[in-house]
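A.B. asks: no FASTA, just this:
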């Protein structure tokens, strides 16, 4: 796996689903800025997060193995955060799986600078250095490949969170097999990898939450916010659904 590892241990304290409290829900742990495809600066995001009463924020920028700007991004976020002492700020990345053994499209320098690492499936590698064409794959093929890539990250990759699990199948087919979700949640417990509850990708949030209640994985709360209007959306949906009130 090319020796990829994460040294920084200052990640958020993820808890298991049934232990979520109102305070632990009051976070936004997947945010993108104008450094990549987000629509706002770190300062604008922090100002909006303060208005919405969020207690913690994770800036999780898209990176590639050749990314060279990450330390500048980190410094900008930390500099902006100095005026927002009431918000716990994390700096991290979202990086995609490159094979089903857990290799990630990220450099060791970026991993070393991250508080939190989200591992995701964005493309489906063909094993020859390229990617498969989603249009040529059935639902069953897409879901099976996405499942294998996700399990590879859960078993081997230096990630803290499996981001938007099942997301490629959900975006293209509107569904992801319940049996695969169950296996991902169960396997994630061994290394205490958090599964993301992602309000941007989930098609049937109540069904996903019912599985979380059954298996009780560690969870991360993320709206996959690219616009200011999306900040805190996942928190708000979970509160509306009665999560964290027991």
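C.D. replies: That came through, no problem. As the structure is a computational prediction, the values presented were derived from the model and not from experiment. Numbering: from 1, shown residues only.

A.B. asks: so which elements touch the lengthiest strand in the chain?
C.D. replies: Taking DSSP state E as the criterion, the chain has its longest strand at strand 88-96. On a contact count with 3 or more CB pairs under 8 Å, 6 or more residues apart in numbering; DSSP states H and E, strand 88-96 meets strand 56-62, helix 70-81, helix 108-113, strand 116-120. (Glycine included, C-beta is placed from N, CA and C.)

A.B. asks: where in this structure is pLDDT low?
C.D. replies: Across the chain, residues meeting the criterion (pLDDT under 70) sit at 1-2, 246.

A.B. asks: which residues in the chain form strands?
C.D. replies: Read by DSSP E, the chain holds these strands, from start to end of the chain: 15-16, 27-31, 56-62, 88-96, 116-120, 161-162, 194-198, 218-222.

A.B. asks: can you pull out the helices in the chain?
C.D. replies: Along the chain, the segments classed as helices by DSSP state H run 22-25, 42-51, 70-81, 108-113, 139-156, 167-173, 178-191, 205-215, 233-240.

A.B. asks: so can I have JSON lines of those helices showing distance to residue 222 and mean neighbour count?
C.D. replies: Rendered in JSON lines, the data for those read as follows (distance: least, CB to CB, whole Å; neighbours: other CB atoms under 10 Å):
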{"stretch": "helix 22-25", "distance to residue 222": "12", "mean neighbour count": "15"}
{"stretch": "helix 42-51", "distance to residue 222": "13", "mean neighbour count": "19"}
{"stretch": "helix 70-81", "distance to residue 222": "17", "mean neighbour count": "17"}
{"stretch": "helix 108-113", "distance to residue 222": "19", "mean neighbour count": "17"}
{"stretch": "helix 139-156", "distance to residue 222": "16", "mean neighbour count": "20"}
{"stretch": "helix 167-173", "distance to residue 222": "11", "mean neighbour count": "20"}
{"stretch": "helix 178-191", "distance to residue 222": "15", "mean neighbour count": "16"}
{"stretch": "helix 205-215", "distance to residue 222": "13", "mean neighbour count": "16"}
{"stretch": "helix 233-240", "distance to residue 222": "6", "mean neighbour count": "18"}
